[in-house]
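Peer 1: Below is the sequence, then the predicted model.
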Amino acid sequence: MSQVIPRLKTATLGWRPDMRALSPFIALVALIVLGTLLNPDFLSLSNLTNVVTRSAFIAIIAVGATFVIASGGLDLSVGSMAAFVAGSMILVLNGMGGSDGGTLAMGLAVALVLGAACGLANGLVVTVGRIEPFIVTLGTMGIFRALIVYLAAGGTITLSNFGLRELYRPAYFGQVAGIPVPVLAFLAVAAIASVILYKTPFGRHVVAIGSNREVARYSGVPIGRVVTLTYVIQGLCVGLAVLVYVPRLGSATPTTGLLWELQAITAVVIGGTALRGGTGRIWGTLVGAIILEVVGNIMVLSSLVSEYLIGAVQGAIIIVAMLVQRSLQRER
Amino acid sequence: MKLKMTRIAALAALAIGLAAPADAQQKAVTIGVSIPAATHGWTAGVIYHAERTKALLEKAYPGLKVVVKTSPNGAAQANALEDLSQQKIDALVVLPFNSDELTGPVGEVKKRGTFVTVVDRGLKDPAIQDVYVAGNNPEFGRVSGQYFKDTLKTGDIVVLRGIPTVIDSERVDNFEKAIAGSGITVIDKQFANWSRDDAFKTMQDFLAKHKKIDAVWASDDDMAIGVLEAIKQANRTDIKMVVGGAGMKDMVKRVIDGDKMVPVNVLYPPAMIATAIQVTVAHFYGGAPVRGTYLIASPLITQANAKEYYFPDSPF
């Protein structure tokens, strides 16, 4: 007996996995097992590629949302913003009329700049205007949505130049070394974001503001600037998401990006970031976005539930996944 | 009494109006048109056709004034109806947001002695309306189903549904009734919310799930666009055709061009607002009886007749 106890002690000290960080990954594995049991086709390469590629928009936007939420803020405008940026970008491309790489590059630049500008507007109203981010972004959500409806005259904004469409198409449908371009895009975004959040003073300031704003203020953190920047990063991420969204269907409609804000927030929370701020988990967020897409995919692939009940089962799966995660964290 | 008429018949009613004596055309008549704001493609089409008809008719009848008002939701539309009443309108053409909220407000307008034409979505109390112009959702489903039965005859198809509403159920139920007894089996159906993005995703999943699909009933043109993109990505050659519906200009264009994947379309025209305005105007200038119900047919748009349904300037 006396020999066993110390050995156990060293074992637990030697390897202690961070369950909080790992739990979204475990939830994803559980869902993959469930999906495979319900329909073996779930595991086919083409299906998995489709699903992960589809999650790219929400994943990229949610990476931005991780910064906002980690700092204790919230951005409800991202879905409308995505629609507005996508519509504007297509109108610029149509207006320029060319089908060469230069035209396309110009369009991409417009999307990124416009996204960042929308984010800056959100950030400035929140910090300079000292208004709750919930209210500010609820307002801009309405504004951006109305702008896309106005631009489209209620109809559809479609990329009219066929040559440009074909040139741009690989940005969603293309692959590099067997990996779809959108997946490479969100991996790159997440890698850069995790360096910013974990390795820079700015990243530490974001988390500090989220965990205790007053303490951060007295420690000399430039709150206004840091908070504004989180919204700019969010806007930039929306611009990036639009870059891979537009080549898919080549169009933007007044219903583009509807409810994306809720999906992005859900992805962030599933990923282990607290909604009240103070932590930020970029890779968890990424897995959260993939989980959301996988749940929808499993629902369609399995013929278990009628089409009327899918929403209920989807909601239940997300809640169960979160319960499993939380219980794993308590075991620590 | 239920009169079954097509748009052509309504135009005939207008022609009677045009033939009326010149002094009758000078008569001052104000018509208020209340429609939803352009929140999606179809309602944008409604606005386009309302404005187009306004311009056309005001030119033909110098005494006529048509006031078009759009509203973003039901409550705003109720307010807009009050505003229109203040302008002493002789007739109201209304496409209500929903039946429950707007039956009362439209009834108030009627009490002032205004001639009321209701479009597409019926009121709770049909006694209010003098004229009712509506699309035919069961027919929309039946015509689509009949086309599958006639051309595909046998095979496995998937169906994309819209948003769970009465409109969607009427379409899908009658589609399934129409293909009953043929060799066609619906192997899967899902809601894709009349959205391109959702239809793209759903179709990707259908393609992963089913190794052989003979045809797709997308039941809507926006959804058909998402479906076609998913099929193109998967490089699947087993799917012979995709049938949408509503008469969106891009899809009608594909029918005109003879696209093999998009052989036909089924009409559910936003131009029904034009029918309604023209019938209402005919009541004042035509001297012909117009009261009744006008069911706009949902004809099959084929390469032969597609030009008739193609409006390149419309946003829809």
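Peer 2: Perfect, I can see it now. Numbers count the residues shown, from 1 in each chain, chains lettered A, B, ... in the order given.
Peer 1: how about the CA coordinates for stretch A:184-203, as PDB?
Peer 2: Presented in PDB, the C-alpha positions along stretch A:184-203 are these (Å, rounded to 0.1, in the frame of the first residue of the first chain):
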ATOM      1  CA  LEU A 184      -6.500  26.600 -45.200                       C
ATOM      2  CA  ALA A 185      -7.900  30.100 -44.700                       C
ATOM      3  CA  PHE A 186      -9.500  29.400 -41.400                       C
ATOM      4  CA  LEU A 187      -6.400  27.500 -40.100                       C
ATOM      5  CA  ALA A 188      -4.200  30.500 -41.100                       C
ATOM      6  CA  VAL A 189      -6.700  33.000 -39.500                       C
ATOM      7  CA  ALA A 190      -6.700  30.900 -36.300                       C
ATOM      8  CA  ALA A 191      -2.900  30.500 -36.200                       C
ATOM      9  CA  ILE A 192      -2.400  34.300 -36.500                       C
ATOM     10  CA  ALA A 193      -5.200  35.000 -34.000                       C
ATOM     11  CA  SER A 194      -3.800  32.700 -31.400                       C
ATOM     12  CA  VAL A 195      -0.400  34.400 -31.700                       C
ATOM     13  CA  ILE A 196      -2.000  37.700 -31.200                       C
ATOM     14  CA  LEU A 197      -4.200  36.600 -28.300                       C
ATOM     15  CA  TYR A 198      -1.600  34.500 -26.400                       C
ATOM     16  CA  LYS A 199       1.800  36.000 -27.300                       C
ATOM     17  CA  THR A 200       1.300  39.800 -27.500                       C
ATOM     18  CA  PRO A 201       0.700  42.500 -24.800                       C
ATOM     19  CA  PHE A 202      -2.500  43.400 -26.800                       C
ATOM     20  CA  GLY A 203      -3.800  39.800 -26.300                       C
END
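Peer 1: can you give me the helices in the stretch 1-150 of chain A?
Peer 2: Remark: helices assigned in the stretch 1-150 of chain A by DSSP state H, counting those that start in this stretch are A:4-14, A:19-38, A:45-54, A:56-70, A:78-96, A:101-127, A:133-151.
Peer 1: Test my guess that residue B:203 contacts residue B:160.
Peer 2: Yes. Using C-beta atoms under 8 Å, residue B:203 is in contact with residue B:160, at 7.3 Å. In this view, the C-beta of every residue, glycine as well, is placed from N, C-alpha and C.
Peer 1: Helix, strand, or coil at the residue of chain B found nearest chain A?
Peer 2: Of all residues in chain B, residue B:38 sits closest to chain A, at 2.1 Å by C-beta to the nearest C-beta. Following DSSP: H, G, I helix; E, B strand; the rest coil, we place residue B:38 in the coil state.
Peer 1: Enumerate every residue touching it.
Peer 2: Neighbour list for residue B:38: A:149, A:152, A:153, A:154, A:155, A:254, B:44, B:47, B:70, B:315 [criterion: C-beta atoms under 8 Å, 6 or more residues apart in numbering or on different chains].
Peer 1: could the helices of the stretch 1-150 of chain A be laid out in TSV, adding mean neighbour count?
Peer 2: Formatted as TSV, those follow (neighbours: other C-beta atoms under 10 Å in any protein chain shown):
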stretch	mean neighbour count
helix A:4-14	9
helix A:19-38	17
helix A:45-54	19
helix A:56-70	31
helix A:78-96	25
helix A:101-127	20
helix A:133-151	19
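Peer 1: Residue numbers of chain A in contact with chain B?
Peer 2: A:39, A:41-42, A:44, A:46-47, A:50, A:54, A:149, A:152-156, A:158, A:173, A:248-249, A:251, A:253-256, A:258, A:296-297, A:300-301, A:303, A:307-308, A:310 (C-beta under 8 Å from any C-beta of the partner chain).
Peer 1: thinking again about what came up before, let me have the helices of the stretch 1-150 of chain A in JSON lines, adding mean pLDDT as columns.
Peer 2: Listed next are the helices of the stretch 1-150 of chain A as JSON lines, based on pLDDT from 0 to 100:
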{"stretch": "helix A:4-14", "mean pLDDT": "46"}
{"stretch": "helix A:19-38", "mean pLDDT": "87"}
{"stretch": "helix A:45-54", "mean pLDDT": "92"}
{"stretch": "helix A:56-70", "mean pLDDT": "96"}
{"stretch": "helix A:78-96", "mean pLDDT": "95"}
{"stretch": "helix A:101-127", "mean pLDDT": "95"}
{"stretch": "helix A:133-151", "mean pLDDT": "93"}
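Peer 1: Which among the ones you listed is found nearest to residue B:232?
Peer 2: helix A:45-54 (13.3 Å; C-beta to C-beta).
Peer 1: Mind giving me the ChimeraX select for the residues of chain A next to chain B, buried ones only?
Peer 2: Selection command for ChimeraX covering only the buried members of these, criterion 16 or more other C-beta atoms under 10 Å in any protein chain shown:
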select /A:39,41,42,47,50,54,149,152,153,154,155,156,158,173,248,249,251,253,254,255,256,258,296,297,300,301,307,310
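Peer 1: Which residues does stretch B:228-244 contact?
Peer 2: Under the criterion C-beta under 8 Å, 6+ apart, residues A:46, A:173, A:248-249, B:144, B:147-148, B:151-152, B:155, B:199-201, B:203-204, B:207, B:212-225, B:227, B:251, B:260-266 lie in contact with stretch B:228-244.
Peer 1: Just the buried ones among the residues you listed, please.
Peer 2: Buried among the contacts of stretch B:228-244 by 16+ other C-beta under 10 Å: A:173, A:248-249, B:144, B:147-148, B:152, B:155, B:199-201, B:203-204, B:207, B:213-225, B:227, B:251, B:261-266.
Peer 1: In strands, which of these appear?
Peer 2: Judged by DSSP state E, the subset of those located in strands is B:155, B:215, B:216, B:217, B:265, B:266.
Peer 1: Which pair in these has the greatest spatial separation?
Peer 2: Greatest spatial distance among those (C-beta to C-beta): B:155 and B:265, at 20.2 Å.
Peer 1: which residues of chain B score low on pLDDT?
Peer 2: Applying pLDDT under 70 to chain B flags residues B:1-25, B:39-40.
Peer 1: Flag every residue of chain B that's near chain A.
Peer 2: Going by C-beta under 8 Å from any C-beta, the residues of chain B near chain A are B:37-41, B:43-45, B:47, B:161, B:164, B:188-191, B:195-197, B:200-202, B:204-206, B:208-209, B:222, B:225-226, B:229, B:233-234, B:250, B:314-316.
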